[in-house]
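Asker: here are the coordinates; sequence isn't available:
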């Protein structure tokens, strides 16, 4: 926390005290912005008037603040990277960046930070770029309030909205990302906070991270992305109050957790996903007070998961609440609310007296013989489910919630 | 023929059973809409209820109605009317009355409580089911003279289509699970009109994404114009065959 306060202190106070102001207008030269940057001293402020500037690539090699007035357009003409940040403490505020180049060899971005720190990228509009904002080996950067919309191209020719590689302590706040390949992509990014973002309609994943430990995701919305959200090979992840909506399709997941350890998912909302949470090889994660509604499968947990803890979650109107592919159960389900629970509560302690089995017989049969899915919604399936309730045989014996709640939380 | 159909239809509509049936359907639909807060789930529930209710009710009602009106049919046969006209007016009046009651009850509930997006497909499915099971029960009723036996057969057949056939599918899939049988699921369901209607509906409401490889293969088939044409032709065959058998039986029947 001290570091964060120090960081804020630096970026808010220092430039305003020492800087000189420069004004750039569209007609004042061949490459007016780059010329002004070359003339400026460190910690100056450059104010850019509205207009259409075709002078990519803009290199910023000293700490500067660039402020756009009424969204001046910086055009990459589908050839160049638009802004390259090659210095610490650079601020880019209020520009409209369009048409970056795209390449199969390089990751060309609208704004790319090259191994520098303390960059601030605020209030920009990015349209039709390859990559949106690219942080490589950067620390303490702030990416806030950007509207990022990808091009209408096929997946191989579209980059990620916010792409971070080998970075730490970054802040990604309140961005709106659409039509990119991955909305937010992290690889080897640690100790970062991702909050209030809206990632919708991306071609692949709304959020995709690998090998990124100790990150916090708060209050983000990931909706209608091609394959939902996929997170892999990370530990100490914190996900709070995120929304995973309408990720619907044959290979789409609300969230796919692969090899995630020691993580916490609190108060997330999973609505209308084919699979709410798909888990493979996850250990020691806590799932508390999440809300699952209208999903195909609420939870799909491979038998390779262990020591996960599900408490105080709401499971409502899902086609299947729970599916697993093995008979050993190493996870704990306790005190959840299941709308399909039909037991009673004689001593009025709010918990049902009979345990609830979240995996019904049809789910068990489907796991074993996938073709039987054609019996979905049939009368026979209902009959079998009733039978299984009385005599469990095809579903794991220990898979049950012994204290199901009578009311939802 | 039109005259006889008209009077028979009016006669059936006057019965208390029809009123009770209509009200029951309407109450079930409304109940499902008001109990759950999600419209799609309610519509799936309504469709499932219809898949169970329509075959059983239509079969039992039609069979017992035919046995009840044996005397009336005998009376008609004394008149100078061709036998096939008597048969078809009897069949059509029964179907008209049932469809009128069902469709108005379901339609009213769907229009009042949903945005009406699934109205058409539910209507089509229930129309098909009514026609198919009415034809089958005509066949049963004109083949078997004994009332109890006839009703028993129709109940048994209803249960067969509802549950036993699916059980056979389940067993087949279980025994053949070593082979790539994904493609044949749809072929199996062609032999059961209830399954066919259910699967058609599942693909309308977009839960096909749950169905994995089987679903993908079936979606390819049902989504193609050839596939859907085949399915509707098969449904029509399910009406045509029992009906033609029933006509044959009725024409040769010794009253």
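Answerer: Ah, there it is. For clarity, every value in this text was computed on a predicted model and none was experimentally measured. Residues are numbered from 1 along each chain as shown, chains lettered A, B, ... in the order given.
Asker: count of residues packed around residue B:227?
Answerer: 15 (other Cβ atoms under 10 Å in any protein chain shown). For glycine as for every other residue, the C-beta is placed from the backbone atoms N, C-alpha and C.
Asker: That one: what's it in contact with?
Answerer: Neighbouring residues of residue B:227 by Cβ atoms under 8 Å, 6 or more residues apart in numbering or on different chains: B:220-221.
Asker: Also residue A:86?
Answerer: Contacts of residue A:86 (Cβ under 8 Å, 6+ apart): A:59-61, A:114, A:116.
Asker: By neighbour count, which of those wins?
Answerer: That'd be residue A:60 among the contacts of residue A:86, by other Cβ under 10 Å, with 24 neighbours.
Asker: Residue ranges in chain B under the pLDDT threshold?
Answerer: Scanning chain B with the threshold set as pLDDT under 70 gives B:37, B:206-209, B:211-212.
Asker: Run the chain-centre distance for the strand or helix carrying residue B:135.
Answerer: Residue B:135 belongs to helix B:119-143 when assigned by DSSP states H and E. Taking Cα atoms, centre = their mean, to the nearest Å, one finds helix B:119-143 lying 3 Å from the centre of the chain it belongs to.
Asker: now for it, which elements pack on it?
Answerer: helix B:39-68, helix B:83-113, helix B:147-159, helix B:193-204, helix B:225-252 (3 or more Cβ pairs under 8 Å, 6 or more residues apart in numbering or on different chains; DSSP states H and E).
Asker: that older thread, which of the contacts of residue A:86 fall within strands?
Answerer: If you go by DSSP state E, the contacts of residue A:86 have A:59-60, A:114 in strands.
Asker: between those residues, which is closest to chain B?
Answerer: The shortest approach to chain B among the ones in strands among the contacts of residue A:86 belongs to residue A:114, at 41.8 Å (Cβ to the nearest Cβ).
Asker: Isn't the closest one up against residue A:136?
Answerer: Yes - assessed by Cβ atoms under 8 Å, residue A:114 is found in contact with residue A:136 at 6.3 Å.
Asker: Contact partners for residue B:161?
Answerer: Listed by Cβ under 8 Å, 6+ apart, the contact set of residue B:161 reads B:55, B:192-194.
Asker: Quickly check those residues for the two that are furthest apart.
Answerer: Across the contacts of residue B:161, the longest distance by Cβ to Cβ is 10.4 Å; it joins B:55 and B:192.
Asker: So those two - more neighbours on which side?
Answerer: Just comparing residue B:55 and residue B:192: by other Cβ under 10 Å the higher neighbour count belongs to residue B:55, 26 against 21.
Asker: Am I right that the more buried one is in contact with residue B:129?
Answerer: Yes - under the criterion of Cβ under 8 Å, residue B:55 makes contact with residue B:129 at 6.2 Å.
Asker: shared neighbours of the two, which are they?
Answerer: Residues touching both residue B:55 and residue B:129 (Cβ under 8 Å, 6+ apart) are residue B:194.
Asker: Just put the contacts of residue A:86 in CSV and tack on pLDDT and distance to residue B:117.
Answerer: Converted to CSV, those look like this (pLDDT from 0 to 100; distance: Cβ to Cβ, whole Å):
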residue, pLDDT, distance to residue B:117
A:59, 94, 55
A:60, 94, 53
A:61, 94, 58
A:114, 94, 52
A:116, 93, 53
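Asker: What is the nearest of those residues to residue B:110?
Answerer: residue A:114 (60.0 Å).
Asker: Name the nearest residue to that closest one, ignoring sequence neighbours.
Answerer: residue A:86 (5.3 Å; Cβ to Cβ, 6 or more residues apart in numbering or on different chains).
Asker: Residue B:131 now?
Answerer: Leaving aside its chain neighbours, residue B:131 sits nearest to residue B:239 (4.8 Å; criterion: Cβ to Cβ, 6+ apart).
Asker: and the gap between the one you found and residue B:168?
Answerer: 23 Å (Cβ to Cβ, to the nearest Å).
Asker: Please say which of those two ends up with more neighbours.
Answerer: Per other Cβ under 10 Å, whichever of residue B:239 and residue B:168 has more neighbours is residue B:239, with 19 against 15.
Asker: The residue located most distally from the centre of chain B and residue A:371: what is the separation?
Answerer: Residue farthest from the centre of chain B, counting by Cα atoms, centre = their mean, is residue B:178 at 34.4 Å. Taken as Cβ to Cβ, the spacing of residue B:178 relative to residue A:371 amounts to 12 Å.
Asker: now residue A:318
Answerer: According to Cβ to Cβ, residue A:318 stands 22 Å off from residue A:371.
Asker: The two: who's more crowded?
Answerer: residue A:371 (27 against 23).
Asker: Report the contact partners of that one.
Answerer: Residues B:173, B:177, B:181-182, B:185, B:214 are the ones in contact with residue A:371 under the rule Cβ under 8 Å, 6+ apart.
Asker: give me the number of residues near residue B:232?
Answerer: Other residues close to residue B:232 by other Cβ under 10 Å number 14.
Asker: ok, it - contacts?
Answerer: Residue B:232 makes no contacts at all, as judged by Cβ under 8 Å, 6+ apart.
Asker: Give me the neighbour count for residue 166.
Answerer: Defaulting to chain A. Here the number of neighbours of residue A:166 (other Cβ under 10 Å) works out to 16.
Asker: my question was about chain B
Answerer: The number of residues near residue B:166, taken as other Cβ under 10 Å, comes to 26.
Asker: can you check residue A:142 too?
Answerer: Per other Cβ under 10 Å, the neighbour tally for residue A:142 reads 19.
Asker: got the residues of the stretch 301-409 of chain A near chain B?
Answerer: Counting by Cβ under 8 Å from any Cβ of the partner chain, the stretch 301-409 of chain A comes close to chain B at A:317, A:319-320, A:365, A:368-381, A:383.
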